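**Student:** What follows is a predicted structure for the sequence shown.
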Amino acid sequence: MKVALIQMNSQPNRKHNLAQALRLMSDAMLNTPHLIVLPEHFDWMGGTAEDKRRAADLVPGGEAYCLIQQFAKDHGVWVHAGSLLERSQIHGTVHNTTVVFNSRGEHVGHYRKIHLFDITAPNGATYAESAVVTPGEDLLIYEMNGYKIACAICYDLRFSRLFDRLSSENVDVFILPAAFTLQTGRAHWEVLCRARAIEYQAYFVACGQCGSYPAPSGPRRQTFGRSLVSDPWGTVIARAGQYPTVLHAEINPHRLTEVRHLIPMLQHRVPLEGARLHIKAERA
């Protein structure tokens with residue numbers, strides 16, 4: 001299965017972002033991929049909390065949703081539409097949402113980001129995703145061309161229990177749209193992506209934002225880029241740089257079988273739900 005990752009530099013300007021996505025997806029089709037993957041926030045990046053609330057659009061029916069749906073239908077390609085800002089029918093609720101379309105442009109499913117990015121980075125920049133976004137509650141695995149593909153978004157990467165739950169359904173490919181910061185990306189991006197591939201013996205497809213975007217205040221914020229694909233052995237088989245681009249990779253079913261045969265972790269996995277935990281406190 002051929003996969004094309006669309007690495008973007010989105011801004012607080014939907015028209016600009018959708019034009020960029022359309023151009024890069026059209027370039028990707030020159031290699032006839034079976035699946036196109038977009039990054040987190042492909043439709044809107046940066047701005048104030050109020051800007052983001054105003055930018056949130058309908059799923060289904062919004063401008064970004066309809067453009068990607070039409071592209072999938074017109075080009076006969078599956079699209080894992082990174083994530084977009086979804087305005088919920090519940091007043092005032094916004095979700096960070098992945099939508100998946102099949103090659104007929106049909107809505108296969110959607111995943112709303114569960115773990116929200118509320119941190120203070122080493123440089124002092126504060127990120128407060130929960131000021132705008134409401135977390136999702138449900139997981140999504142979809143089947144395509146005989147592969148089981150699982151959804152996660154950006155900060156989810158740090159929470160192995162989510163991937164453990166998904167892997168219990170015999171997932172072949174994890175897809176992670178992201179907008180990692182430059183600082184956290186340098187320290188953790190590749191090692192976490194490769195770790196998830198190794199520990200769950202699946203391909204890991206991580207599609208990121210790159211470049212900078214305007215923050216609510218202070219200097220522009222930098223994203224890490226360097227989208228990558230890791231095979232189930234933890235080998236990075238494709239890696240992008242720091243600029244908008246299309247990254248191509250191939251998912252090989254024989255590699256999945258080979259790795260799982262070499263180290264049969266599924267057979268060795270021991271249920272731990274009933275295990276007794278002993279904690280020995282040292283006496284003073």
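**Tutor:** Nice, I can see it. Remember, predicted model here, so these are calculated numbers, not experimental data.
**Student:** Could you tell me which residues within stretch 1-20 count as buried?
**Tutor:** The neighbour-count criterion (16 or more other CB atoms under 10 Å) identifies 1, 3-14, 17-18, 20 as the buried residues of stretch 1-20. Yep, even glycine has a C-beta here, placed from its N, CA and C like the rest.
**Student:** hmm, I was thinking of stretch 81-93
**Tutor:** So for stretch 81-93, counting by 16+ other CB under 10 Å, buried means 81-87.
**Student:** ok now that stretch, how far from the chain's centre?
**Tutor:** 16 Å (CA atoms, centre = their mean, to the nearest Å).
**Student:** so what's the residue nearest to Y147 when sequence neighbours are not counted up against?
**Tutor:** Nearest residue to Y147, sequence neighbours excluded (CB to CB, 6 or more residues apart in numbering): D172, at 4.4 Å. Residues near D172 by CB atoms under 8 Å, 6 or more residues apart in numbering: 147-149, 202-203, 251, 253, 256.
**Student:** Show me what the longest helix seen in the chain packs onto, helices and strands only.
**Tutor:** Ranked by residue count, the top helix of the chain under DSSP state H comes out as helix 14-28. With contacts defined as 3 or more CB pairs under 8 Å, 6 or more residues apart in numbering; DSSP states H and E, helix 14-28 has these neighbours: strand 2-7, helix 63-75, strand 245-250.
**Student:** let's go with 6 Å and repeat that
**Tutor:** Using 3 or more CB pairs under 6 Å, 6 or more residues apart in numbering; DSSP states H and E as the contact definition, the elements that helix 14-28 packs against are strand 245-250.
**Student:** quick one: average pLDDT of the strand it packs on?
**Tutor:** What strand 245-250 shows for mean pLDDT is 98.
**Student:** next one: stretch 206-217
**Tutor:** Across stretch 206-217, pLDDT averages out at 94.
**Student:** isn't A72 right next to V100, touching?
**Tutor:** No: under the criterion of CB atoms under 6 Å, A72 makes no contact with V100, lying 9.3 Å away.
**Student:** re earlier: can you tell me which of the buried residues of stretch 81-93 end up in strands?
**Tutor:** If you go by DSSP state E, those have 81-87 in strands.
**Student:** now for those residues, which pair is the farthest apart?
**Tutor:** The largest separation in those, counting by CB to CB, is between G82 and R87 at 17.0 Å.
**Student:** re earlier: save the buried residues of stretch 81-93 as JSON lines, and put in pLDDT too.
**Tutor:** Shown next, in JSON lines, are the buried residues of stretch 81-93 (pLDDT from 0 to 100):
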{"residue": "A81", "pLDDT": "98"}
{"residue": "G82", "pLDDT": "97"}
{"residue": "S83", "pLDDT": "98"}
{"residue": "L84", "pLDDT": "97"}
{"residue": "L85", "pLDDT": "97"}
{"residue": "E86", "pLDDT": "97"}
{"residue": "R87", "pLDDT": "95"}
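**Student:** now stretch 97-108, how far from the centre of its chain.
**Tutor:** Averaging C-alpha positions (CA atoms, centre = their mean) puts stretch 97-108 15 Å from its chain's average.
**Student:** May I see the buried residues of it?
**Tutor:** 97-102, 105, 108.
**Student:** Also stretch 163-180?
**Tutor:** Using 16+ other CB under 10 Å as the test for burial, stretch 163-180 gives 163, 166-167, 171-180.
**Student:** What of stretch 132-142?
**Tutor:** Neighbour counts over stretch 132-142 (16+ other CB under 10 Å) mark 132-134, 136, 140-142 as buried.
**Student:** quick one: which of those sit in strands?
**Tutor:** 141-142.
**Student:** so which of the buried residues of stretch 132-142 comes closest to I153?
**Tutor:** Nearest to I153 among the buried residues of stretch 132-142, counting by CB to CB, is G136 at 9.1 Å.
**Student:** Thanks a lot, catch you later.
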